[in-house]
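Q: fold the following, please.
(2 chains)
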There are 2 protein chains.
Amino acid sequence: MLIQIKALTELIGQLKKLPGIGPRSAERIAYSILNMTNEEVVALSQTLLDAKEKIVKCPICFSLTDETPCKICQDPFRDNKILCVVENPKDVIALEKAGNFKGKYHVLEGSLSPGKNIGPEDLRIKELLERLDKENYEEIVLALNPSVEGEATAMYLNKLLKPFALKITRIAHGLPIGGELEFADEMTLLYAFEDRKEIK
Amino acid sequence: MLIQIKALTELIGQLKKLPGIGPRSAERIAYSILNMTNEEVVALSQTLLDAKEKIVKCPICFSLTDETPCKICQDPFRDNKILCVVENPKDVIALEKAGNFKGKYHVLEGSLSPGKNIGPEDLRIKELLERLDKENYEEIVLALNPSVEGEATAMYLNKLLKPFALKITRIAHGLPIGGELEFADEMTLLYAFEDRKEIK
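A: Next comes the predicted model:
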């Protein structure tokens, strides 16, 4: 007999929809939720609602924020001559963790992908052009993913932004620090060679 | 600058507490939740509350159920001469999926583990003895995990249940179906040899 505990089947079904959660982990997580206290489950459930309610997109740079505009767009001490273009809000958070970039950001909300039917009009490119018109940037850093889509987007933006007569750069690709050459994939090695620097 | 989006940090923190969810997957899941529609997040959040509220322990066998007593304990067509003792409610669900066992269950809610300070009084052993007194079982199948704790629990129960003068069996251990001998661990092979059967 297949025991049907409807509320459990539904919980597992919902958890399976989350990225990286297969049927087995969904089951494991579901049981761990049943083992929590009522208070813990209420807290978890409330956190989901809170996050969805309080976190919005910054209307200027399209990164995630709980205030409008976001802290970075508001910050008078950030360098407003250099704009870093990224694919996703998490990229902003990753770069801020690294901590060396002091300029502003622009989140495209994706990358060009003919396969997935994502064209320039699906990305925040119009908004990027509007910002370049209004604000006075001298350099645009393309910090896009080293993927086919990221590269295509970088090439497209490079062509599109040429008329603005500003410096367009892209972040370096190469061997990750701590990585080992023998385990690097071919594309990484290819880029690592292409981007090689003279030792002076 | 480390961007502090409090609601996001809290969501990631809550997700990290779930089993098998590391910091990276917690982030990935958090972003996917922010990308859901409001309705989807409300539904997910409600499913958690529903599961916690509706799913209870069966007061007889201690497996999970949404009715009291559970469907198996209630079922007049199940064989009430044979009782299968398992560690956790998920074991009941797994065995029911396999579908060949037609008796009743008893969930211990764990296994003996001196290391984790889990003794007989922390398991549903008292309730098992009460059931053996009241109900009329002829066979007890110990379907415990093939781990040190499971084995210790099986040995303990075997000794404890001897006075009841019933048949005590344990499920077979050996090579899993579809598994390959060369990848089996030593303990599995040891059991597979010990439990070998004559081909007739």
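Q: leaving out sequence neighbours, find the closest residue to A:Lys167.
A: A:Glu139 (4.3 Å; C-beta to C-beta, 6 or more residues apart in numbering or on different chains). The C-beta positions use only the backbone N, C-alpha and C, and glycine is treated the same way.
Q: tell me the centre residue of chain A?
A: A:Asn88 (2.5 Å; C-alpha atoms, centre = their mean).
Q: tell me the angle of the lengthiest helix in chain A relative to helix B:38-54?
A: Counting residues, the longest helix found in chain A (DSSP state H) is helix A:38-54. Angle, helix A:38-54 to helix B:38-54, by axes from the mean of the first three to the mean of the last three C-alpha atoms, to 10 degrees: 180 degrees.
Q: now do the buried residues in helix A:38-54.
A: A:Val41, A:Leu44, A:Ser45, A:Thr47, A:Leu48, A:Leu49, A:Asp50, A:Ala51, A:Lys52, A:Lys54 (16 or more other C-beta atoms under 10 Å in any protein chain shown).
Q: what is the nearest of these to B:Ala172?
A: When the buried residues of helix A:38-54 are compared for distance to B:Ala172 (C-beta to C-beta), A:Val41 wins out at 38.0 Å.
Q: kindly export the longest helix of chain A (C-alpha atoms) in CSV.
A: Taking C-alpha atoms only, helix A:38-54 is exported to CSV below (Å, rounded to 0.1, in the frame of the first residue of the first chain):
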residue,chain,number,x,y,z
ASN,A,38,6.1,24.6,15.7
GLU,A,39,7.8,27.9,16.3
GLU,A,40,10.7,27.0,14.0
VAL,A,41,8.4,26.1,11.2
VAL,A,42,6.4,29.3,11.7
ALA,A,43,9.6,31.3,11.6
LEU,A,44,10.9,29.6,8.5
SER,A,45,7.5,30.1,6.8
GLN,A,46,7.5,33.8,7.8
THR,A,47,11.1,34.3,6.6
LEU,A,48,10.0,33.2,3.1
LEU,A,49,7.1,35.7,3.1
ASP,A,50,9.3,38.5,4.6
ALA,A,51,12.0,38.1,2.0
LYS,A,52,9.5,38.1,-0.9
GLU,A,53,7.8,41.1,0.5
LYS,A,54,10.7,43.3,1.6
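Q: what about whatever helix or strand comes next after that helix, distance to the chain center?
A: Counting by DSSP states H and E, the element after helix A:38-54 in chain order, helix or strand, is strand A:56-57. Here strand A:56-57 is found 14 Å from its chain centre; the criterion is C-alpha atoms, centre = their mean, to the nearest Å.
Q: sheet partners, orientation included, of strand A:56-57?
A: Here strand A:56-57 is paired, per DSSP bridges, with strand A:64-65 (antiparallel).
Q: correct me if wrong: A:Asp79 contacts A:Tyr105.
A: No. Contact criterion C-beta atoms under 8 Å: A:Asp79 and A:Tyr105 do not qualify, at 11.5 Å.
Q: between those two, which one's more packed in?
A: A:Tyr105 (25 against 14; other C-beta atoms under 10 Å in any protein chain shown).
Q: buried ones in the helix or strand of chain A with the lowest mean pLDDT?
A: When the helices and strands of chain A are scored by mean pLDDT, DSSP states H and E, helix A:186-194 comes last with a mean of 79. Buried residues in helix A:186-194, counted by 16+ other C-beta under 10 Å: A:Thr188, A:Tyr191, A:Ala192.
Q: hmm, who's touching that helix?
A: Under the criterion C-beta atoms under 8 Å, 6 or more residues apart in numbering or on different chains, residues A:Pro146, A:His173, A:Gly174, A:Leu175, A:Pro176, A:Leu181, A:Ala184 lie in contact with helix A:186-194.
Q: what's the ChimeraX syntax to select whichever of those residues are buried?
A: Per 16+ other C-beta under 10 Å, the buried members of these correspond to this ChimeraX selection:
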select /A:173,174,184
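Q: how close does A:Asn80 sit to A:Phe164?
A: 15 Å (C-beta to C-beta, to the nearest Å).
Q: what does A:Ala143 give?
A: Counting by C-beta to C-beta - A:Ala143 and A:Phe164 are separated by 18 Å.
Q: now swap in A:Leu15 and tell me
A: 46 Å.
Q: ok, those two, which is more surrounded?
A: Higher neighbour count among A:Leu15 and A:Phe164: A:Leu15, with 24 against 13, using other C-beta under 10 Å.
Q: which SSE is that one in?
A: Going by DSSP H and E, A:Leu15 is in helix A:6-16.
Q: average pLDDT across that helix?
A: Computed over helix A:6-16, the mean pLDDT rounds to 94.
Q: and the angle from that helix to helix B:38-54?
A: Using the same axes, to 10 degrees: helix A:6-16 against helix B:38-54 is 140 degrees.
Q: buried residues in helix A:6-16, which are they?
A: So for helix A:6-16, counting by 16+ other C-beta under 10 Å, buried means A:Ala7, A:Leu8, A:Glu10, A:Leu11, A:Ile12, A:Gln14, A:Leu15, A:Lys16.
Q: correct me, but the fifth one touches A:Ser25?
A: No. The pair A:Ile12 and A:Ser25 fails to qualify as a contact (C-beta under 8 Å) at a distance of 9.9 Å.
Q: any low-confidence regions in chain A?
A: A:1-3, A:200 (pLDDT under 70).
Q: now do the same end-to-end measure for stretch A:17-27.
A: Stretch A:17-27 has an end-to-end distance of 12 Å (C-alpha to C-alpha, to the nearest Å).
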